[in-house]
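Colleague: Based on what follows, work out the 3D shape:
(chains A and B)
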2 protein chains.
Amino acid sequence: MNIEELSVKTIRMLALDTIQKANSGHPGLPLGAAPMTYAIFKKFLSINPKNPCWVNRDRFVLSAGHGSALLYAMLYLSGFEKMTLEELKSFRQWESKTPGHPEYDLECGIEITTGPLGQGFATGVGMAIAESHLAATYNRPGFNLVDHYVYAIVSDGDLMEGVAAEAASLAGHLQLGKLIYLYDNNHISLASETGLHYTEDVRKKFEAFNWQVLEVKDGNDLAAIEKAIQEAKTESTHPSLIMVSTHIGFGSPKQDSFGVHGSPLKPEEVVATKKFYDWPEDKPFFVPEDVLSHMRETVNKGSQIEKEWDALFAEYTKKYPAEAEEFEKRVKGILSENWAQNIPSYSSETKSIATRSVGGEVMNAIAKNCPSLMGGSADLDPSTNTVLKGKGTFHPPVPGAEKMQGVVAGPFGYSGRNIMFGIREHAMGSILNGMALHGGIIPYGATFLTFSDYMRPAIRLAALSNLHVIYVFTHDSIGLGEDGPTHQPVEQISSLRTVPNLMVIRPADANETAQAWKIAIRAKSPVALIFSRQKLPVIDQTKYASAEGVTRGAYILSDCDSSAPDLILIASGSEVGLALKASEKMTTEGTKVRVVSMPSWELFEQQSEEYRHQVLPPSVKKRISIEAGVSIGWERYVGEQGVIIGVNRYGASAPGELVMEKFGFSVDNIIQKAKSL
Amino acid sequence: MNIEELSVKTIRMLALDTIQKANSGHPGLPLGAAPMTYAIFKKFLSINPKNPCWVNRDRFVLSAGHGSALLYAMLYLSGFEKMTLEELKSFRQWESKTPGHPEYDLECGIEITTGPLGQGFATGVGMAIAESHLAATYNRPGFNLVDHYVYAIVSDGDLMEGVAAEAASLAGHLQLGKLIYLYDNNHISLASETGLHYTEDVRKKFEAFNWQVLEVKDGNDLAAIEKAIQEAKTESTHPSLIMVSTHIGFGSPKQDSFGVHGSPLKPEEVVATKKFYDWPEDKPFFVPEDVLSHMRETVNKGSQIEKEWDALFAEYTKKYPAEAEEFEKRVKGILSENWAQNIPSYSSETKSIATRSVGGEVMNAIAKNCPSLMGGSADLDPSTNTVLKGKGTFHPPVPGAEKMQGVVAGPFGYSGRNIMFGIREHAMGSILNGMALHGGIIPYGATFLTFSDYMRPAIRLAALSNLHVIYVFTHDSIGLGEDGPTHQPVEQISSLRTVPNLMVIRPADANETAQAWKIAIRAKSPVALIFSRQKLPVIDQTKYASAEGVTRGAYILSDCDSSAPDLILIASGSEVGLALKASEKMTTEGTKVRVVSMPSWELFEQQSEEYRHQVLPPSVKKRISIEAGVSIGWERYVGEQGVIIGVNRYGASAPGELVMEKFGFSVDNIIQKAKSL
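Modeller: Numbers count the residues shown, from 1 in each chain, chains lettered A, B, ... in the order given. The predicted structure is shown next:
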């Protein structure tokens, strides 16, 4: 047996032992897909295990994350130092580096958190977008600074998910030739043969999506796999899908059955499997010496490749010092010193202005000195106001396309910074994750707040993986009016707040919006900016407090003269102006009112108890919260005796101001509620 | 000009006037798609405007819901009495029947709420599934009791959404020949030409999905449209997509531009448009008499068709009285008297059992005498335990398929009651809505609770439309263990609670699970059942309270002897058993503890204040809530002095019991927290 076959066998057995030791996991995929994984890692993947975060490495995505044991085995064998044999033996155990599904951990070589199907597929598209954009922006003749592939292994489950279809359609349109996906085509899903629910013509579908489709008839045929990947690499304007026919659980007694998908084998089945592979039964985690040295060749090879790249970059730095500096800063996530200098401030004499409009102005101001900022909307630019003006459209060089309606002025090509995601919110969410994972880009994506529902699985992964992604969610309440309940968010602000590690900011006016964008740019984790469709008055910062209070999540916007207010009004977003009006009226009637603007619960919770008590003194029990969304959770701030003015039903189609009034967002209703206290 | 062309012109002008009067809306689609809509309604749609809920009517779905003005115009002209000209004049106004996007309102002829793109497409598939299932179940030779089509108008936006791809793939697989979708192919989306983001080969994609694809080159060519629909009707084993080339905003100065998609025309543009159509400028809402009478022919025709069907049904009733009775009951949503008789009850001497397993037993018990119950999972049957045993697989009669792994015993064909949704959670959600909208079916869909995120837009529409859909969400917490944070729900219980009109029930043990299923079957709106992966002890109903307390949302499960407890422990699901254990230990230590089981906030909030205060007396301030999910909202029940034991971060991969303990779900931690109070 040659060393390649022995290596593949070792990978299979190592993954199997990993799962059996944990007595938990998914043996089906590792046994079936080991050869293609070997081929990718050993023959193609340009990586440096000694420096897993080398910027121009190829990216590998195990979209079928349930095959994690296979990935961990590969990373161990390839020489990632943090991925030890001990870690394989601690598979799925407390605080190991080998959780049930891969979790983003670059030191171990894990590029992306996967498991929720379809996500890896779509996120890889984001990585390829980042690659092509950075290449178009920084590469120079003779200097292919950014030039790498994105490989993935995808499963039936990935391909059935809608998010993959969205991403595939966009990837084909964008001609992302550096995407190379291998489809582990085993005709078996968790619960059945795929013939019972999945009989579409996958080749034809991907061809319709403008992909190159290749086939490998025998998933154990290393030469054929290698040939196909080689062919995929030479195709530069179409992403490639390589359909590799495999057998789930290959070599086990449960081969080709759905029982092997997600449960460990029984002891006797393990014995039979090891017999099939002619493998020592009594040596779990056995790795032949020659296999280890064969696999570890990747270490030297990788160091060498990076060394060459370092030399290239040194040359580049001499020739293009400004570009080199900018590139390096971007990759390291360092902002330029002057990134915030153009952010406008707004006088209260300015006309009323929607926070979505301000958002557009602020992000354009930031974009001038923040080249990393890049993104787009799900076909809603005219409504979300999220175009980066003059920064061009991210698009392949299709003749004639640059004249189409909707093109943004500026460079038309991969160096354009406005991405047209199409009406594909979910793929947009996943692609943003891929761009953030790639590095060098601060991605943003916009849609109506209601439709944040379409991208929740991607938002969750951003938060779970701690990715710096910015969401711009506009049309944030029933206040949007006529479009009606299907478009009026009611539960979304609250439900986004339930997502751990996601920061939600709903600014009250123009100046709070500027602050919110600043926070979003500086953040290290995902931020959702929530903006109004309707115009809002600009709050007078000379009369009331400075909008810099946004950085603390909540702050005293206006206060009564004496130290202890009778009543505290707590509001966010468009309801803050209303609270101020009500407060003014009540003040003239002799009530001592404090108004607290609370754009972000998450930021407020990060403050000291002292500060929180200063803003919301425990002794003041009369409190009213005002937010045009469901009440859930506001009890935390209004307390047992407080009143919550919220929206605990769906909205209604009518002019926005009328809807707001009908739903109780009026000065009169606030005053009435205050009197009831 | 012939009456047909005049009618189409009238429809265009009526929709235009409707939008202009409101000064809000989307003129682009109505102007472009009026001819195909006319053809569907006038030439094909088998409906009875005098009885809009006639069971065997054809269903029409305007998936591109932003074209609502077109639909309202059609319904008015077709003779739906509640859809008056006055309603058109009140478009997008408070309490009108003509909201910005269509809202399910059968009396007006509106079959489905649309607007969020892709949903109408996927929901129509559910309607067709319902049709084919009821037909297979009740039709007899010579008695095509159920025999109707599902028509839809879909847009670029619909087709870009992943949920549509999922649904299309499944519809093709299921050979739903009665689906006829017309694609308003106008090459313009809200923000640009589609050439900038949507260049996939739609024909090829749908052929790959096993659809018949037809083309109409000129969307104004009524004869061609009619011919294509006719052809679609004759194709019985493939759904049909008719690609109709149209011009957005046809006849207006903004024709073929994205500016006409979503904003009313300017007054001078209206003038120009009316001039183009040679239409009186000064007569808004003008409907020529002969057009009205031509269109209203639908009324008599419809009455006649239903009359014939009534006669057929009368004959059927004589020949198949049992079937007729059952059919009628199902359609009316009446349960059989004995539907609940087989539901087991569980003794505390039973071994510990996961609520997902009990859920499976209970639904199978119900299914015996509840023929309406039908559904499936997103390829997770072995894990969600949601197979209806012996009830067969819903599937077309493909030779050999009945022998595939995963087939459920029982009838193999459209009369099967187990739907294999594949790994398509989102389409599953929308399809459930379609089945519920169709009537005659109580649909359920299952997946892991985490992946409820994938179907949120569909859940929202179920709740907004008040549809009786049952979700079975299993693997409900970090307690699922090894699969790790990607699969461990943390925020989902809480975020589902934010959805207005959705009832969430998380039972504590086997008997609460049986109660929860009973509530779900009796409900008139959507219910999410939340079940554990891990085994849970059966609570002793002789020692503690009866599980019937579930019907009140929360109830006193165990209490101290004296009337006023020192401490109340409030828990849901798997944490109730833990609360009981902690309570027992504290009781022996002399603390007076009450344990409240709270499976459903929504049900509890529906109870009288008296009952709520009885369960949670305002005087008892020492309260601890215990639920393995985010804390948000529990303040409502624990109050200002209470403690919330929750999970405010992502989970971890390790054996479930260990994870629970590490996250503070232990008797010791509860007692420690109690002492801190």
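
Colleague: just checking, A:His294 touches A:Ile3?
Modeller: Yes: shown here, A:His294 and A:Ile3 form a contact pair, counting by Cβ atoms under 8 Å, at 5.0 Å. In this view, the C-beta of every residue, glycine as well, is placed from N, C-alpha and C.

Colleague: more neighbours, the two?
Modeller: Taking neighbours as other Cβ atoms under 10 Å in any protein chain shown, A:His294 and A:Ile3 compare with A:His294 leading, 17 against 14.

Colleague: Look at A:Glu548 and say how many residues are nearby.
Modeller: A:Glu548 has 14 neighbouring residues, counting by other Cβ under 10 Å.

Colleague: for A:Glu640, that is, sorry about that
Modeller: Using other Cβ under 10 Å, the number of residues around A:Glu640 comes to 14.

Colleague: Then it would be within a helix, right?
Modeller: No: secondary structure of A:Glu640 (DSSP: H, G, I helix; E, B strand; the rest coil): coil, not part of a helix.

Colleague: Surely it touches B:Gly639?
Modeller: Yes: contact criterion Cβ under 8 Å: A:Glu640 and B:Gly639 qualify, at 5.2 Å.

Colleague: so the nearest residue to A:Tyr316 once chain neighbours are set aside bridges to which residues?
Modeller: With Cβ to Cβ, 6 or more residues apart in numbering or on different chains as the criterion, A:Tyr316 has its nearest non-adjacent residue at 4.9 Å, and that residue is A:Phe143. Judged by DSSP bridges, the bridge partners of A:Phe143 are A:Arg140.

Colleague: okay, now A:Phe143: neighbour count?
Modeller: A:Phe143: 17 surrounding residues under other Cβ under 10 Å.

Colleague: My guess is it contacts A:Leu312. True?
Modeller: Yes: the criterion here is Cβ under 8 Å, and A:Phe143 meets it with A:Leu312 at 6.4 Å.

Colleague: centroid residue for chain A?
Modeller: Centre of chain A computed as the mean C-alpha position; nearest residue by Cα atoms, centre = their mean is A:Asn433, 2.7 Å away.

Colleague: which stretches of chain A aren't confidently modelled?
Modeller: Counting by pLDDT under 70, not a single residue of chain A qualifies.

Colleague: Now do the domain split for it, please.
Modeller: Chain A breaks down into these domains under automatic domain parsing: A:3-302, A:353-536, A:549-676.

Colleague: ok so, going back, report the separation between the residue nearest to A:Tyr316 and chain B.
Modeller: According to Cβ to the nearest Cβ, to the nearest Å, A:Phe143 stands 30 Å off from chain B.

Colleague: Please work out which of the domains of chain A is packed deepest.
Modeller: With neighbours defined as mean count of other Cβ atoms under 10 Å in any protein chain shown, the domains of chain A peak in mean count at domain A:353-536, which reaches a mean of 24.

Colleague: end to end, how far does that domain reach?
Modeller: Start and end residues of domain A:353-536 are separated by 5 Å (Cα to Cα, to the nearest Å).

Colleague: Please apply the same query to stretch A:93-105.
Modeller: 16 Å.

Colleague: Could you see whether chain B lies near that stretch?
Modeller: Yes: applying Cβ under 8 Å from any Cβ of the partner chain, one finds stretch A:93-105 in contact with chain B at A:93-96, A:99-101, A:103.
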